[in-house]
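> Below are the sequence and a predicted model; questions follow.
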Protein chains: 2
Amino acid sequence: MLRVSTRGEYGVRLMVDLARHYGARPRSLTEISQAEGLQLKIQYLEQLVRSLREAGLVESTRGAHGGYRLSRTPQDIHMGEVVRALEGPIAPMICATEGEMEIICDRLDGCSTRYLWTRVRDAISDVLDSLSLADVLHEEDRRAAAVHGTPLIQLVPRTRTVGGH
Amino acid sequence: MLRVSTRGEYGVRLMVDLARHYGARPRSLTEISQAEGLQLKIQYLEQLVRSLREAGLVESTRGAHGGYRLSRTPQDIHMGEVVRALEGPIAPMICATEGEMEIICDRLDGCSTRYLWTRVRDAISDVLDSLSLADVLHEEDRRAAAVHGTPLIQLVPRTRTVGGH
DNA sequence: ATCATTTCCGACTAGATAAGTCGGAATAAG
DNA sequence: CTTATTCCGACTTATCTAGTCGGAAATGAT
């Protein structure tokens, strides 16, 4: 439950990749998809990165040797921004949509479940807003160091099911 | 994003209704659906309540005057149990599925995004596990009281539409 | 000038998931 | 024995996710 879609999954990976190469020349989707094991899904990545660009998180250069780079430093980009750009406002329930308190479920004020979902939403937002791209990247270094030379392999496809309930 | 399905929505409502009538005679789905404004979706509710029964959260009595009741006190049932019974394990991302750490995305240990999703998952679990049905019900009373007396929360004027992103 | 590489864009499609329905069997009360 | 209700498996429909397609526009290299 409460699943993040592949947009969020790939998009976050893409941003982490850009953070890892922050300061260098623009990075093309081809490079990114190879490095991240998202092979041949470039057309799909284009779609995602578009949302990121429109949200002002990345800048692009067209043409040969073109590509993308972060428009701010990794410390200055918070995961909340990234995830929202990719997946829209955080809203475990329609009546608990971020920034849209007017969306109500006719039972409005006395609704106790709304309180529950709002709590859940805030918990998610707090985590995402408290972590920057730099934090996530840093965690990666920490883990890589701990393991020493784990090869980067490809992703499993989405269709693998997790034990239902 | 991170949406809870109608199973979670209706199921939680149903449980709150049962909590509200805790100690009384069994409550039929017909009664519940009317009280909660879920009219005529009884067949669907049957499906949900089945999960709740199989999880040991409610007990049923068949036949005329039958229905459902909580199998524990409202203080003793945590929202985490309810939501998991309805929607399965909390798993914002496949590699961050509760209780199934073996489900991995091949890049396993060095994966920094997994760290992110695990943090999100834990934030959700913590909120859900920290609240009992009694807490949610109590919040409802608090709100009902606020409506009759002085409002605790000032509601902001509204403009419709749930902006996509 | 042309060509290869790359971003950019709108539309389209297939497959998966969620939401809800159907028909009927079993059980219990009146 | 009739009516209210839970119980159950299978089915259908609608919505959304994930991914594709075809081509236009920009840029650097030859």
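Done, it's in. Numbering: from 1, shown residues only, chains lettered A, B, ... in the order given.

> any idea how far A:Glu139 is from A:Ala145?
Going from A:Ala145 to A:Glu139 by C-beta to C-beta, to the nearest Å gives 11 Å. No exception for glycine: its C-beta is placed from N, CA and C like everyone else's.

> Of the two, which one has the most company?
A:Glu139 (20 against 9; other C-beta atoms under 10 Å in any protein chain shown).

> residue contacts, the more buried one?
B:112, B:115-116 (C-beta atoms under 8 Å, 6 or more residues apart in numbering or on different chains).

> And the residues you listed, which is closest to DNA strand D?
Ranked by distance to DNA strand D (C-beta to the nearest atom of the strand), these are led by B:Leu116 at 16.6 Å.

> Phi first, then psi, for the nearest residue to that closest one once chain neighbours are set aside.
Distance criterion C-beta to C-beta, 6 or more residues apart in numbering or on different chains; nearest residue to B:Leu116, sequence neighbours excluded, is A:Val136 at 5.5 Å. Backbone torsions for A:Val136, taken as degrees, to the nearest 10, come to phi -70, psi -40.

> so what's A:Val136 scoring on pLDDT?
Per-residue confidence (pLDDT) for A:Val136: 96.

> thought it was touching B:Cys111?
No. Look at A:Val136 against B:Cys111 with C-beta atoms under 8 Å: they stay out of range, at 10.3 Å.

> Output the set of residues of chain A in proximity to DNA strand C.
Contact residues (C-beta under 7 Å from any atom of the strand) of chain A with DNA strand C: A:3, A:28-30, A:42-43, A:46-47, A:49-50, A:53, A:60-68, A:159, A:161.

> Tell me who's in contact with the residue nearest to B:Leu116.
Neighbours of A:Val136 in contact, by C-beta under 8 Å, 6+ apart: A:12, A:16, A:19, A:79, B:112-113, B:115-116.

> Nearest to A:Arg72, out of those: which one, please.
A:Ala19 (10.3 Å; C-beta to C-beta).

> which other helices and strands contact the strand or helix carrying that closest one?
Element membership of A:Ala19, judged by DSSP states H and E, is helix A:6-20. Secondary-structure packing of helix A:6-20 (3 or more C-beta pairs under 8 Å, 6 or more residues apart in numbering or on different chains; DSSP states H and E): helix A:29-35, helix A:42-54, strand A:67-70, helix A:79-87, helix A:133-147, helix B:112-130.

> Nice, that's everything, thank you.
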